[in-house]
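# Give the three-dimensional model of this entry:
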Amino acid sequence: MAGDLHHYMRHSCMESKGSVHVQHLLVNGCGGAFLHPTHVFKNFNEFYGNKYETKATYPSYDDSSRIALGNIGKFRRKNWQFDVIGGFAYFVLVFSMFPQVRHE
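Numbers count the residues shown, from 1 in each chain. Modelled structure (predicted):
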């Protein structure tokens, strides 16, 4: 398992008629310091024809969805310097393309 907890999901196989090759499915984030969304896997319930039930997730589906929606607005507020620098670079680039015409 990972030393840090960035993403974790655990599924257990429900009763199945056939043979079950994988009883538990574990997914954990062990590389990089980012929080991978779990809400995108909310409807995951089948693997190789066997039915699985979600036993644990981190972050929870609701928390993951709330974080993802919050990132849309927070990104602009946290990175306003990029807007200033990008806007200035765009202005310089466009201004340099204007024709230099002298009216006499």
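
# Output the longest strand along the chain in PDB with nothing but the alpha carbons.
Counting by DSSP state E, the longest strand found in the chain is strand 50-58. Written as PDB, here are the backbone C-alpha positions of strand 50-58 (Å, rounded to 0.1, in the frame of the first residue of the first chain):
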ATOM      1  CA  ASN A  50     -18.600 -10.900 -11.800                       C
ATOM      2  CA  LYS A  51     -20.600  -8.400  -9.700                       C
ATOM      3  CA  TYR A  52     -18.600  -6.200  -7.300                       C
ATOM      4  CA  GLU A  53     -19.800  -4.000  -4.400                       C
ATOM      5  CA  THR A  54     -17.900  -0.800  -3.400                       C
ATOM      6  CA  LYS A  55     -16.800  -1.200   0.200                       C
ATOM      7  CA  ALA A  56     -14.600   1.900   0.700                       C
ATOM      8  CA  THR A  57     -13.500   5.000  -1.200                       C
ATOM      9  CA  TYR A  58     -11.300   8.000  -0.400                       C
END
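
# For that strand, which helices and strands make contact with it?
On a contact count with 3 or more C-beta pairs under 8 Å, 6 or more residues apart in numbering; DSSP states H and E, strand 50-58 meets strand 8-13. Any C-beta I mention is one placed from the backbone N, CA and C, and that applies to glycine too.

# starting at the chain centroid, how far to the helix or strand that the strand it packs on is followed by?
Moving toward the C-terminus from strand 8-13, the next helix or strand (DSSP states H and E) is strand 24-28. Remark: strand 24-28 is offset 18 Å from the chain centroid, using C-alpha atoms, centre = their mean, to the nearest Å.

# Name the residues of stretch 26-45 that are buried.
By neighbour count on 16 or more other C-beta atoms under 10 Å, the buried set for stretch 26-45 is 29, 35, 36, 38, 39, 41.

# what's the answer for stretch 85-95, then?
The neighbour-count check on stretch 85-95 (16+ other C-beta under 10 Å) flags nothing as buried.

# tell me the mean pLDDT over it?
Stretch 85-95 shows a mean pLDDT of 92.
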